[in-house]
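Student: Need a 3D model of the following:
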Amino acid sequence: KTKRTSERLGRRKETLLKKAHEMAKFCDIDVALTLRIRKTGRYITYKSMDLESWPPSKKQIAIAHCISRSLALLTENWQLTYPLPLNLLPHNIERTLR
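Tutor: Numbering: from 1, shown residues only. This next block holds a predicted model:
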């Protein structure tokens with residue numbers, strides 16, 4: 001069972017990293033992915049851009065949203081307003097899988 005679980009983890013990890021890379025490459029999306037294997041504590045990260053500033057922190061995302069919203073209000077141009085960030089948790093994903 002342990003070997004099978006380990007092999008499954010390896011395949012799923014590989015698939016997830018491949019999909020993240022494909023989204024960045026083919027869909028014009030910036031991707032940051034962090035995995036932590038609980039059993040070992042090992043982290044695996046993927047960034048679609050090799051920039052120190054990527055990925056932004058939650059605070060940086062909130063600030064950017066506030067700035068763009070303020071600019072839109074000042075210029076009365078609502079097209080400049082970006083939607084609020086979508087922060088998903090496991091239960092959000094599980095609902096979509098049902």
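
Student: next structured bit after the host helix or strand of residue 63?
Tutor: Here residue 63 sits within helix 58-75, counting by DSSP states H and E. The element immediately downstream of helix 58-75 (helix or strand, assigned by DSSP H and E) is helix 90-97.

Student: circling back to that earlier point, tell me the average confidence for the helix holding residue 63?
Tutor: For helix 58-75, mean pLDDT is 76.

Student: likewise stretch 13-24?
Tutor: On average, stretch 13-24 scores 92.

Student: residues touching the residue positioned nearest the centre of the chain, list them.
Tutor: Centroid check for the chain by Cα atoms, centre = their mean gives residue 32 as the closest residue, at 4.9 Å. With contacts defined as Cβ atoms under 8 Å, 6 or more residues apart in numbering, residue 32 is in contact with 45-48, 54-55. No exception for glycine: its C-beta is placed from N, CA and C like everyone else's.

Student: Distance of the closest residue in space to residue 56 that isn't next to it in sequence relative to residue 10?
Tutor: In space, and not counting its chain neighbours, residue 56 is closest to residue 64: 7.2 Å by Cβ to Cβ, 6 or more residues apart in numbering. Look at residue 64 and residue 10: by Cβ to Cβ, to the nearest Å, they are 36 Å apart.
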